[in-house]
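K.L.:
Give me a model of this one.
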Amino acid sequence: MKLTAWVTIASLLMYIWTFTQVGKARSAHKVAAPATDGPIEFLIAMRVQTNTVEQLVLFLPLLWLCSMFLSDLIAAILGALWIVGRVVYAVGYYRSPDKRHIGFGISSLAGLGLLIGAVVGLILY
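P.N.:
Okay, the predicted model is just below:
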């Protein structure tokens, strides 16, 4: 499960990146905490961070269940794909909100793969 542990660390580093983008947007656009409203650039950064934490709640348990019951390697590959999808989602969203769909799709398919892997692994266990 060493590979899954590395993917977990990478996913948390990616999340740290998203919330530092919110901090930068707060500073650049003078949006003082605890405000969650401001210019569109701030709202986009906030939405990327919020959506990422919403997705992490599903991703991390599925990643570990797939790793424990099916395969560390399969879980790590799907987990890495999920991270790539989240980065593509974030970069696309930062450029324009209508450019977030490809990254969201990639991470959603990877998450679905982890769910299927966890279920198959439990059935075969």
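
K.L.:
Which strands and helices lie in contact with the longest helix belonging to the chain?
P.N.:
In terms of residue count, the longest helix belonging to the chain (DSSP state H) is helix 40-69. On a contact count with 3 or more CB pairs under 8 Å, 6 or more residues apart in numbering; DSSP states H and E, helix 40-69 meets helix 2-29, helix 72-95, helix 101-124. For the C-beta atoms, the positions are set from N, CA and C on the backbone; glycine is no exception.

K.L.:
Against which helices or strands is the first one packed?
P.N.:
Contact here means 3+ CB pairs under 8 Å, 6+ apart; on that basis helix 2-29 packs against helix 40-69, helix 72-95.

K.L.:
Can you report how many residues lie near residue 13?
P.N.:
Number of residues near residue 13 (other CB atoms under 10 Å) recorded here: 10.

K.L.:
Next one: it relative to residue 114, how far apart?
P.N.:
According to CB to CB, to the nearest Å, residue 13 stands 19 Å off from residue 114.

K.L.:
Check residue 105 too.
P.N.:
Remark: distance between residue 105 and residue 114 (CB to CB) = 15 Å.

K.L.:
Compare those two and say which is more crowded by neighbours.
P.N.:
Taking neighbours as other CB under 10 Å, residue 105 and residue 114 compare with residue 114 leading, 27 against 13.

K.L.:
check contacts around the more buried one.
P.N.:
Residues near residue 114 by CB atoms under 8 Å, 6 or more residues apart in numbering: 59, 62-63, 65-66, 75, 78-79, 82.

K.L.:
Quick check: the two most widely separated of those residues?
P.N.:
Largest separation among the contacts of residue 114 by CB to CB: 65 and 82, giving 13.9 Å.

K.L.:
quick one: which of those two has more around it?
P.N.:
Neighbour count, other CB under 10 Å: between residue 65 and residue 82, residue 82 has more, with 28 against 18.
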